[in-house]
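> Model the following, please.
(chains A, B, C and D)
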2 protein chains.
Amino acid sequence: MLQRRIDDHAPPTREAMREAQDIFFRHLKRVGLKHTEQRDTILRTFLETRDHLSTDQLFRLVRKKDAKIGFTTVYRTLKLLAECGLASEVAFHDGVARYEHQFNRRSHHHMVCTDCGLSVEFFSPEVGKLEEEIGHRYHFEVTRHTFQIYGICEDCRKKKDKKPVSLT
Amino acid sequence: MLQRRIDDHAPPTREAMREAQDIFFRHLKRVGLKHTEQRDTILRTFLETRDHLSTDQLFRLVRKKDAKIGFTTVYRTLKLLAECGLASEVAFHDGVARYEHQFNRRSHHHMVCTDCGLSVEFFSPEVGKLEEEIGHRYHFEVTRHTFQIYGICEDCRKKKDKKPVSLT
DNA sequence: TGCTAGTTGAAAATGATTTTCAAATTCATT
DNA sequence: AATGAATTTGAAAATCATTTTCAACTAGCA
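Just a heads-up that it's a prediction; the model follows:
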């Protein structure tokens, strides 16, 4: 499905990159894993992205930097990144797991067009407050939340108006 | 994964059941499909549930009522129910699509324990308002939203305290 | 009743995700 | 720098939920 974005975002600064690598390698050390060239390449590629990537999409990007890195390694590294909080899963309900990096980003949410796949980010501090409040009420130690709004974007509505009934 | 519930809910009244059937069969007629025994059984079974069911879980329940109904039919009927708004998908990020019935229920959301799978429902009118507001801002025609909070429930936290480091 | 379009369900296909395993690599220790 | 134990890698195979196929069956209109 096509993925367009409305908002924009700056590439990571050198410091940001370094800090993220630090978090990652500290995590690896903590759980007794090793620092490898592949993991580093995958992390760097991931941080340079801005969309919500499927494992396969990230794999394709990684392959451009190092054609010898396999899908499996990307898959496994993405799990490690999720473990240490650098990546988080975003479910768009289309049967594919997507990840986005969480580094230096404000808490945000997504609105997705169910026709063309356009996704828009929006920010809402209320959601964070609500999360905390509900967690407290039910004695949960809250770790994360997901909030997505689904609908039809303006463009797709216009297209529909032109051919109102599809008989195919 | 285990699924416990904290809140409770009454079984559907005869009227509620009838109304849902009406909505369903009206929908079938509208899109030129037929009213069958199987579809009726599946709808009734679904309405009697209260949890977030995977297709397979619903299939098992349906099979108790009519052992001749196949998985495929349950799968297809669930899609039809989602089409006419009687069912809606809930993603718990565990790789399985789940549905819950929407009939006569207030808009609600879920908090899920990532350890034991416990899910709690909560209600929050703010979320609906937010949905509308964001949709308007980006010119989306909003159809639905999902909001889930993830965390660790009280019980699981207590269990962890007892054996703080797992070395297996 | 007869007909047509839709339905059913077993089995096969699909497609994303996950595991397996032998060869290669990391890194703490010599 | 060399050693060796533990981990990593990546291709291939396995898994598993979901979706499609297709031949036999059924609903519901004329």
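> packing partners for the strand of greatest length in chain A?
Longest strand of chain A, by residue count under DSSP state E: strand A:141-152. Strand A:141-152 sits against strand A:87-91, strand A:108-113, helix A:125-137, helix B:125-137, strand B:141-152, with contacts defined as 3 or more Cβ pairs under 8 Å, 6 or more residues apart in numbering or on different chains; DSSP states H and E. For every residue, glycine as well, the C-beta is placed using N, CA and C.
> What's the mean pLDDT across the shortest one?
Averaged over strand A:87-91, pLDDT sits at 83.
> which residues does the spatially most central residue of chain A bridge with?
With distances taken as Cα atoms, centre = their mean, the residue of chain A nearest its centroid is A:Glu100 (1.6 Å). A:Glu100 forms beta bridges with A:Ser88, as assigned by DSSP bridges.
> DNA strand D versus that one, what's the distance?
Using Cβ to the nearest atom of the strand, to the nearest Å, we find A:Glu100 at a distance of 21 Å from DNA strand D.
> try A:Thr55
Taking Cβ to the nearest atom of the strand, one finds A:Thr55 at 12 Å from DNA strand D.
> Nearest spatial neighbour of that residue, chain-adjacent residues omitted?
Distances taken as Cβ to Cβ, 6 or more residues apart in numbering or on different chains put A:Tyr75 closest to A:Thr55, at 5.0 Å, once the chain neighbours are dropped.
> before we move on, what SS does the one you found have?
Recorded secondary structure, A:Tyr75: helix (DSSP: H, G, I helix; E, B strand; the rest coil).
> I'd like to know how far it sits from chain B.
Between A:Tyr75 and chain B the computed distance is 14 Å (Cβ to the nearest Cβ, to the nearest Å).
> That residue: neighbouring residues, count only.
Using other Cβ atoms under 10 Å in any protein chain shown, A:Tyr75 has 15 other residues around it.
> Kindly report the same for the one 5 residues further on.
Other residues lying near A:Leu80 total 18 when counted by other Cβ under 10 Å.
> got it, and A:Ile69?
For A:Ile69, using other Cβ under 10 Å, the count is 19.
> How about the contacts made by it?
The contact partners of A:Ile69, by Cβ atoms under 8 Å, 6 or more residues apart in numbering or on different chains, come to A:38, A:41-42, A:59, A:62-63.
> Where does it sit: helix, strand or coil?
Assigned by three-state DSSP, the conformation of A:Ile69 is coil.
> ok so, going back, per-residue confidence for the residue nearest to the centre of chain A?
88.
> Give me the distance between A:Cys113 and chain B.
7 Å.
> contacting residues around that residue?
Contacts of A:Cys113 (Cβ under 8 Å, 6+ apart): A:119, A:150-153, A:156, B:140.
> now, which of those residues sits nearest B:Asp94?
A:Tyr150 (20.1 Å; Cβ to Cβ).
> what about A:Ile152, distance to DNA strand C?
According to Cβ to the nearest atom of the strand, A:Ile152 stands 24 Å off from DNA strand C.
> Distance of A:Cys116 relative to A:Arg157?
Separation of A:Cys116 from A:Arg157 (Cβ to Cβ, to the nearest Å): 11 Å.
> Please disregard the earlier target; I meant A:Pro11.
For A:Pro11, the distance to A:Arg157 - Cβ to Cβ - is 33 Å.
> Look at those two and report which has more neighbours.
A:Arg157 (15 against 10).
> if we can go back for a sec, any chance of the contacts of A:Ile69 in CSV with secondary structure and pLDDT as columns?
Listed next are the contacts of A:Ile69 as CSV, based on DSSP: H, G, I helix; E, B strand; the rest coil; pLDDT from 0 to 100:
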residue, secondary structure, pLDDT
A:Gln38, helix, 96
A:Thr41, helix, 96
A:Ile42, helix, 97
A:Phe59, helix, 97
A:Val62, helix, 96
A:Arg63, helix, 95
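> are any of those residues buried, and which?
A:38, A:41-42, A:59, A:62 (16 or more other Cβ atoms under 10 Å in any protein chain shown).
> for those, which one is nearest DNA strand D?
Sorting the buried ones among the contacts of A:Ile69 by distance to DNA strand D puts A:Gln38 at the head of the list, at 3.5 Å, by Cβ to the nearest atom of the strand.
> right, and that closest one touches A:Lys65 too?
No. Counting by Cβ atoms under 8 Å, A:Gln38 does not reach A:Lys65; the two are 10.2 Å apart.
> Quick one: name the residues of chain A near DNA strand D.
With Cβ under 7 Å from any atom of the strand as the criterion, chain A meets DNA strand D at residues A:28, A:32-34, A:36-39, A:68-73, A:76-77, A:95.
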